[in-house]
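>>> Next one to model:
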Amino acid sequence: MSCKIRPDFLRDDQIVVDLKSTVDGSPQGFYWQIKKYGYCHQQAFYTKGINAAYAAEGLDLKVRDFFFITVESVEPYLVSVHKAPEDLLWQGQDQMETNLRLYKQCIDTDTWPGYPDRILLSGEIEDYMSQENAWLDAMEANE
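Have a look, this model is predicted:
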């Protein structure tokens with residue numbers, strides 16, 4: 001299965017740097033953004049992709065580290081450097097692997113989650129959500 005990544009910067013010493021703009025680059029603020037926007041999933045995906053690219057080129061290299069550089073989008077435009085916490089990295093790794101399996105299954109079966117092809121009436125929304133959740137559960141059960 002082919003996937004694409006585009007890291008902001010991959011240093012010669014196998015350190016990945018990802019630039020993020022944010023309104024709150026404090027450690028607490030960025031922690032919540034990592035959770036909200038799934039940056040730990042992105043880190044896992046980028047790391048897996050870069051390591052696969054190294055292997056495909058016959059290089060005995062692996063990503064050594066991964067840093068997020070935040071630039072605040074409001075004055076005084078502070079800059080900070082962060083690493084994702086270990087607990088979120090494990091969650092991100094697990095979720096990324098689940099997402100890749102689901103993506104592969106969608107490609108293989110040409111069955112994709114999405115919105116229904118008609119207008120839903122307000123009473124049908126709960127039924128739609130139940131069906132969508134059942135579909136996702138069935139896809140995961142077939143892994």
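>>> From here on, just use CA atoms for contacts and neighbour counts.
Noted.
>>> model confidence over the lengthiest helix in the chain, on average?
When the chain is parsed with DSSP state H, its longest helix is helix 86-109. Here helix 86-109 scores 91 as its mean pLDDT.
>>> what residues does it touch?
The set of residues external to helix 86-109 that reach it, using CA atoms under 8 Å, 6 or more residues apart in numbering, is 1, 35, 38-45, 111-112, 139-140, 143.
>>> Got a quick ChimeraX command for the buried subset of those residues?
Burial among the contacts of helix 86-109 is assessed by 16 or more other CA atoms under 10 Å; the matching ChimeraX selection reads:
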select :38,39,40,41,42,43,44,45,139
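>>> Inside helices: which ones of the contacts of helix 86-109?
Using DSSP H, the contacts of helix 86-109 in helices are 35, 39-45, 139-140.
>>> Lowest average confidence across helices and strands of the protein, where is it?
helix 125-141 (a mean of 70; mean pLDDT, DSSP states H and E).
>>> how far out from the middle of the chain is it?
Averaging C-alpha positions (CA atoms, centre = their mean, to the nearest Å) puts helix 125-141 22 Å from its chain's average.
>>> Ok, stretch 122-129 next?
So, by CA atoms, centre = their mean, the centroid of stretch 122-129 is 28 Å from its chain's centroid.
>>> Can you give the distance of stretch 85-92 from its chain's centre?
The answer for stretch 85-92 is 12 Å, by CA atoms, centre = their mean.
>>> repeat for stretch 47-58
Worked out by CA atoms, centre = their mean, stretch 47-58 lies 18 Å from the chain centre.
>>> quick one: buried residues of that stretch?
For stretch 47-58, by 16+ other CA under 10 Å, it's 47-51.
>>> Redo those as CSV? Include distance to residue 63 and pLDDT.
Converted to CSV, the buried residues of stretch 47-58 look like this (distance: CA to CA, whole Å; pLDDT from 0 to 100):
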residue, distance to residue 63, pLDDT
47, 6, 96
48, 9, 95
49, 10, 95
50, 7, 96
51, 6, 96
